[in-house]
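1. fold the following, please.
(one chain, ligands or ions: 2)
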Amino acid sequence: MQQILVTGGAGFIGSNFVHHLVRHTDASVTVLDKMTYAASREALDGLPSDRVSLVVGDIADPAVVDPLVAEHDAVVHYAAESHNDNSLADPSPFIRTNLIGTFTLLEAARRHDVRFHHVSTDEVYGDLELDDPAKFTPSTPYNPSSPYSASKAGSDHLVRAWVRSFGVRATISNCSNNYGPWQHVEKFIPRQITNLLAGGRVKLYGAGANVRDWIHTEDHSSAVLAILERGAIGETYLIGADGEKSNLEVVRMLLGLLGHAEDDFDQVTDRAGHDLRYAIDASKLRDELGWRPQYGDFAAGLSATVDWYRANEAWWRPKKGATEAAYAAKGQ
Ligand code: NAD
Ligand code: DAU
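-> Ligands and ions are numbered 1, 2, ... in the order given. Predicted coordinates for the structure are as follows:
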C-alpha cells in the first residue's frame, strides 16, 4: 500500500499512527482532519513534507471525502468525537461525525474499492463487573452505555454491513484506553498530570474503583499497522496489553511521581452511566497476526508521560482553562 489516507490524523492516536507509518513503511500519507478542539498541528511537526500532507476537512462531507478516498490505496479511519463526558453534555456532534462521517467514508470506499480499516473502542461492549475474571472478546455482545460508545457501536455495525452487503474490504479494531504524549487535557491521565503541574488538585470520579485497561498509544499503532497489512477482511481484532488498573491506583501512581501524598486528591461528581470495568482479551491479534506490545511497563510509560507533559507546557497550557471551567460547571 503506497497511498494511505488517515482520518483524524491530527488527533492524539491518529498522529501517533502517522509517525508510526513514516518510520515503519514507505507509504505516502494524507491526513484528513477537521482540526476540531482535539486536533494539534504540532503533533505532525517533523514529518517529511514529501511523504505527509494535511487536508483540513470534514469526514461527513462527501464532496471532500469522495475524491480524496479515490486517490488512495487504503483508509485508516481514526476521526471521531472521542470524549464520553462531552457526549453526555451534547451528543449531536458524536452522531454526525461518528455515524454520518463513517457512513460517508464507507460509501467512498465502496465506490472506489479502497481497503478500509475502522478504528474503534472496547466501550462498544459496555462494561464488566469489578470482581469478574472475564474479559471482552470479539464475540462479546454489543451493549454500549454512553452516546459516545453508542455512536462507535453504530459505526462498527455500518462497517460490518458494508463488508457483507457490498464487499467493502474492511477490518475493525476495538482498543482499550490509550495513554501517552499529545493526549488532550480533558482525558483522565493528562487532566490529573496537568492539574498537579499547574498547582491544582487531582479530580477522581466517585471512589475511583472503576477499572481501565491501559495501553501505550505506540502499541495501539503497531497493532493497527499489523491489521492493515495482515488482517483478514471482515474480521474484528481486539487490541489490549493486559494493563488493568483502577482509577484510584493510577491516581496514587501519579501523585507519587509528582511528589504528593497518596491521598492528596478530591472526589468529585461521578460520570452518569459510568462503566465499571474494561478488560481486553487480545489473543486473536497475538495468535493470528503475531503482534506483541512493546510498552507493557505501565509504571515506566506513565513516568515518561509525566515527563512529556512537564516538557510541553506551552502545548497544553492554552487548552487548560476552558477545559477546567467546563468540568467545574458540572461539579467535576
Ligand atoms: P482525539 O479526540 O484526540 O482526536 C480525534 C481527531 O479527529 C481530532 O484530530 C479531530 O480534529 C478529528 N475529527 C473530529 N471530527 C472530525 C470530522 N468530522 N472530520 C474530520 N476529522 C475530525 O481522539 P483519539 O483519542 O485520538 O481517538 C482516535 C480514535 O481512536 C477514535 O475513533 C476513538 O474512538 C478511537 N479510540 C480511542 C481510544 C482512546 O483511549 N483515546 C481507545 C480506543 C479507540
Ligand atoms: O476504552 C477506550 C476509551 O477510553 C476510548 O474509546 C475513549 O475515546 C477514551 O476517551 C477512553 O474513555 P474513558 O471514558 O475510559 O476515558 P477517560 O480518560 O475519560 O476516563 C478514564 C477513567 O477515569 C474513567 O473511569 C473516568 C475517570 N475519570 C475521568 C476524568 C476525566 C476521573 O476519575 N476523573 C477525571 O477527571
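
2. name the element the residue nearest to I95 when sequence neighbours are not counted belongs to?
-> Residue nearest to I95 in three dimensions, not counting chain neighbours: S151, with 5.9 Å by Cβ to Cβ, 6 or more residues apart in numbering. (C-beta placed from N, C-alpha, C; glycine too.) Using DSSP states H and E, S151 sits in helix 147-166.

3. list the buried residues for that helix?
-> 147-156, 158-159, 162-163 (16 or more other Cβ atoms under 10 Å).

4. list the helices and strands that helix packs on?
-> Here helix 147-166 touches helix 84-89, helix 92-94, helix 102-112, strand 115-121, strand 170-175, going by 3 or more Cβ pairs under 8 Å, 6 or more residues apart in numbering; DSSP states H and E.

5. quick one on the thing from earlier: give the contact list for the residue nearest to I95.
-> Contact partners of S151, counting by Cβ atoms under 8 Å, 6 or more residues apart in numbering, are 80-81, 87, 91, 94-95, 98-99.

6. got phi/psi on the closest residue to ligand 1 within the chain?
-> Nearest residue of the chain to ligand 1 (Cβ to the nearest ligand atom) works out as G11 at 2.1 Å. Main-chain dihedrals, G11, degrees, to the nearest 10: phi -90, psi -170.

7. neighbours of it, just the number please.
-> When neighbours are counted by other Cβ atoms under 10 Å, G11 registers 27.

8. so I100 sits against D61, correct?
-> No. Using Cβ atoms under 8 Å, I100 makes no contact with D61, being 9.6 Å away.

9. higher neighbour count, those two?
-> The neighbour comparison of I100 against D61 (other Cβ under 10 Å) goes to I100, with 18 against 13.

10. read off the pLDDT value for the more buried one.
-> On pLDDT, I100 comes in at 98.

11. enumerate every residue touching it.
-> So I100 contacts A60 (Cβ under 8 Å, 6+ apart).

12. quick check: it vs D131, distance?
-> 39 Å (Cβ to Cβ, to the nearest Å).

13. now V69. Nearest residue, chain neighbours left out?
-> A108 (3.7 Å).

14. any idea how far V251 is from the residue of the stretch 201-332 of the chain found nearest ligand 2?
-> In the stretch 201-332 of the chain, the residue that lies nearest ligand 2 is Y205 (3.5 Å; Cβ to the nearest ligand atom). Y205 is 10 Å from V251, where distance means Cβ to Cβ.

15. and for E262?
-> Distance from E262 to V251, counting by Cβ to Cβ: 8 Å.

16. between those two, which has more neighbouring residues?
-> Set E262 next to V251 and count neighbours by other Cβ under 10 Å: V251 wins out with 23 against 12.

17. so the more buried one is in contact with D264, correct?
-> No. Using Cβ under 8 Å as the test, V251 is too far from D264 to be in contact (9.2 Å).
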